[in-house]
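A.B. asks: fold the stuff below for me.
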Amino acid sequence: MIIDPFFSQLIINWYHIFGRKKLPWQIQNTPYKTWLSEIMLQQTQVKTAIPYFKKFIKKFPNIISISKASIQDVLHIWSGLGYYQRAHNLHKTSKIIAEKYQGNVPDTFANLIQLPGIGRSTAGAILSLAFGYYYPVLDGNIKRIVSRYYGINTSINKYKTEKKLWNIINYLIPLYNTGIFNQGMMDLGAIICTKNNPKCNICPIKKNCISFSLNNFTSYFKKSKISYLRKIYFIIIQNNQLILLQRRSLYGIWANLFSFPEFDKKNNAILWIKKLNVSYKKQLIIHPFYHQLTHIKFHIIPIHIKLIKFKTNIINIKNNIWYNLIHPQIIGLPSPVKKILHFIKKNTLSNI
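C.D. replies: Residues are numbered from 1 along each chain as shown. Purely as a prediction, here's the structure:
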């Protein structure tokens, strides 16, 4: 492996001219804002994270305010951003920081790495961007740049590839201006060395980039495919402006969020409805759709039934609530559930 002695300086120079310097978390930056943004940016693009970051800062201006909030308050703001374990970890970490560090984000790698949701790369980002310390970052954008630059064509899901990328980035980071270099690499990956249609002709490090020299950017930064398709039936029980929702398990996908009763098979869904012994007009399947997560793709089939007569015993089932479309409760909702509720609300109000 040949290390270009000018690599880091080229990145820093490019950042000073073209890098992003007015992102919401960069304005009056604090360790809290850096931590929050780095958690949100895990698996999420900047343009998607920005509105959520603004809502979060408005609701929770500091770590103490998160630590005193309920998990449903946090999930409510997070709803739609996905990867909800991040919100759970954020809540847990805020409590630890409030109790153990008096509300201040720790400034050592050893303490940061022990907090829920903070791995090696996130700790490096907090320490270099918020505190100006010498620590590397290896997020998705940086992995893509290094993989293409050095022609690494093994899957980035593999431990050996991850280890190799860490070794390379440890050589590349400069002793000074580490935070600027890290931010420059992340920006270069987001703006120039993009996943599709990279703008290689204006890249500051194209001269020694293997991917550019071979005119081949698709053979590098590969991920092993682990996604599979799963069909699920959502049962949407509506009583005027009220919709039945259930709190999900504390573990697994959409943990602790509220969702519709869910079944893998239609027959099981129909049988469950019969056991409720409720009177309704008719079953109606509304707009089946696909929803993609990192490792799984859902084929969601919503079955909508409108009750003729309100039956109160449904709510007595553990973890059930009647969600009010007009005056919604502050709870966390998965993105596909929000989508369906929006559709039903729109149609319900138009018929009033």
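A.B. asks: quick one: least confident helix or strand in the chain?
C.D. replies: strand 280-285 (a mean of 82; mean pLDDT, DSSP states H and E).
A.B. asks: just the element for the nearest residue to I64 once chain neighbours are set aside, please.
C.D. replies: Spatial nearest neighbour of I64, chain neighbours left out: G103 (4.8 Å); criterion: CB to CB, 6 or more residues apart in numbering. C-beta here means a position set from N, CA and C on the backbone, and glycine is covered the same way. For G103, there is no helix or strand it lies in under DSSP states H and E.
A.B. asks: my read: G103 touches P61, true?
C.D. replies: No. Judged on CB atoms under 8 Å, G103 makes no contact with P61 at a distance of 11.7 Å.
A.B. asks: looking at those two, which one has more neighbours?
C.D. replies: Taking neighbours as other CB atoms under 10 Å, G103 and P61 compare with G103 leading, 16 against 11.
A.B. asks: from memory L325 sits against Q241, does it?
C.D. replies: Yes. Using CB under 8 Å, L325 makes contact with Q241 at a distance of 4.7 Å.
A.B. asks: so what sits against both of those two?
C.D. replies: T348 (CB atoms under 8 Å, 6 or more residues apart in numbering).
A.B. asks: what about the helices in the protein?
C.D. replies: Listed in chain order, the helices of the chain (DSSP state H) span 7-18, 31-40, 46-59, 63-68, 71-78, 85-100, 109-112, 120-125, 140-149, 159-172, 178-191, 210-213, 266-276, 335-350.
A.B. asks: list the contacts of the residue nearest to I64.
C.D. replies: N62, I63, I64, S67, I97.
A.B. asks: now do Q246
C.D. replies: F258, S259, F260, P261, I317, N319, N320, I321.
A.B. asks: got the confidence number for the fourth one?
C.D. replies: The reference is to P261. You'll see P261 listed with a pLDDT of 93.
A.B. asks: hang on, the earlier thing: for the least confident helix or strand of the chain, which positions count as buried?
C.D. replies: Residues Y280 are the ones in strand 280-285 that count as buried (16 or more other CB atoms under 10 Å).
A.B. asks: count residues in the vicinity of P51, would you?
C.D. replies: 12.
A.B. asks: ok, K143 next?
C.D. replies: 22.
A.B. asks: reformat the contacts of Q246 as CSV; add neighbour count and distance to K158.
C.D. replies: Output for the contacts of Q246, formatted as CSV (neighbours: other CB atoms under 10 Å; distance: CB to CB, whole Å):
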residue, neighbour count, distance to K158
F258, 24, 37
S259, 19, 34
F260, 25, 38
P261, 20, 39
I317, 11, 45
N319, 10, 40
N320, 16, 44
I321, 15, 44
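A.B. asks: what backbone torsions are found at the closest residue to S335 other than its chain neighbours?
C.D. replies: Nearest non-adjacent residue to S335, counting by CB to CB, 6+ apart: G80, 5.0 Å away. Phi and psi for G80, reported as degrees, to the nearest 10, are phi 100, psi -20.
A.B. asks: can you check the pLDDT for G80?
C.D. replies: Here the pLDDT value assigned to G80 is 90.
A.B. asks: that one is in contact with P336, isn't it?
C.D. replies: No. Counting by CB under 8 Å, G80 stays clear of P336, with 9.9 Å between them.
A.B. asks: perfect, that will be all.
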